[in-house]
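**Q** Provide a 3D model corresponding to the input given below.
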Amino acid sequence: MLLLADIDILAVRELLHRYDLNLEIVGDGLPIPGSYWGQPEAGLIGTTVFARTDTPVHSLLHEACHLIVMPAERRTTVHTNATDSIAEEDAACYLQIVLADALPDVGSARLMSDMDAWGYTFRLGSARAWFENDASDAQAWLARRGLA
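**A** The predicted structure is shown next:
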């Protein structure tokens, strides 16, 4: 599992900044604010994604993508649970795979492998199979909002 400590944190900050999001690094062993799944999974509150150096990259990207795909007015009030609908969840999953290619030493192939290892579930059995063969609805959802 690729962790935040394994990659360029500055590149992550720059990527999130493109979407008007902030990354706050929490100290080792401390609780992660806004973490839906608990430690060491990323958390979100407002426009900030919280993570530790032992946070999986897929988790950080997933929570960031929830913030990216949600309407701006919801961003300011969101705390911990960002899911609004299955369509929004699918869009966040799709976008995290796309954005993984924007991070050095990550890439979509590695991210999808980590998603499978963590336990994401898709009809076709893997993140790659879903992304390549069954994600047209997520692509369309993102395109309608100018995010694809």
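
**Q** looking at it, Arg145 is touching Met70, isn't it?
**A** No: in this structure, Arg145 is not within contact of Met70 by C-beta atoms under 8 Å, at 9.9 Å. (C-beta placed from N, C-alpha, C; glycine too.)

**Q** which one of these two is surrounded by more residues?
**A** Met70 (19 against 13; other C-beta atoms under 10 Å).

**Q** continuing past the host helix or strand of Leu44, what's the next helix or strand?
**A** Leu44 belongs to strand 43-45 when assigned by DSSP states H and E. Counting by DSSP H and E, the element after strand 43-45 in chain order, helix or strand, is strand 48-51.

**Q** could you say what helices and strands that next one packs with?
**A** Helices and strands touching strand 48-51, as assessed by 3 or more C-beta pairs under 8 Å, 6 or more residues apart in numbering; DSSP states H and E, comprise strand 22-25, strand 43-45, helix 57-69.

**Q** mean neighbour count and distance to Arg75 added to these, as JSON lines?
**A** Shown next, in JSON lines, are those (neighbours: other C-beta atoms under 10 Å; distance: least, C-beta to C-beta, whole Å):
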{"stretch": "strand 22-25", "mean neighbour count": "16", "distance to Arg75": "11"}
{"stretch": "strand 43-45", "mean neighbour count": "23", "distance to Arg75": "9"}
{"stretch": "helix 57-69", "mean neighbour count": "26", "distance to Arg75": "6"}
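
**Q** now distance to Tyr94 and mean pLDDT too, for the ones you listed, in TSV please.
**A** TSV is the format used below for the helices and strands packed on strand 48-51 (distance: least, C-beta to C-beta, whole Å; pLDDT from 0 to 100):
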stretch	distance to Tyr94	mean pLDDT
strand 22-25	21	98
strand 43-45	18	97
helix 57-69	8	97
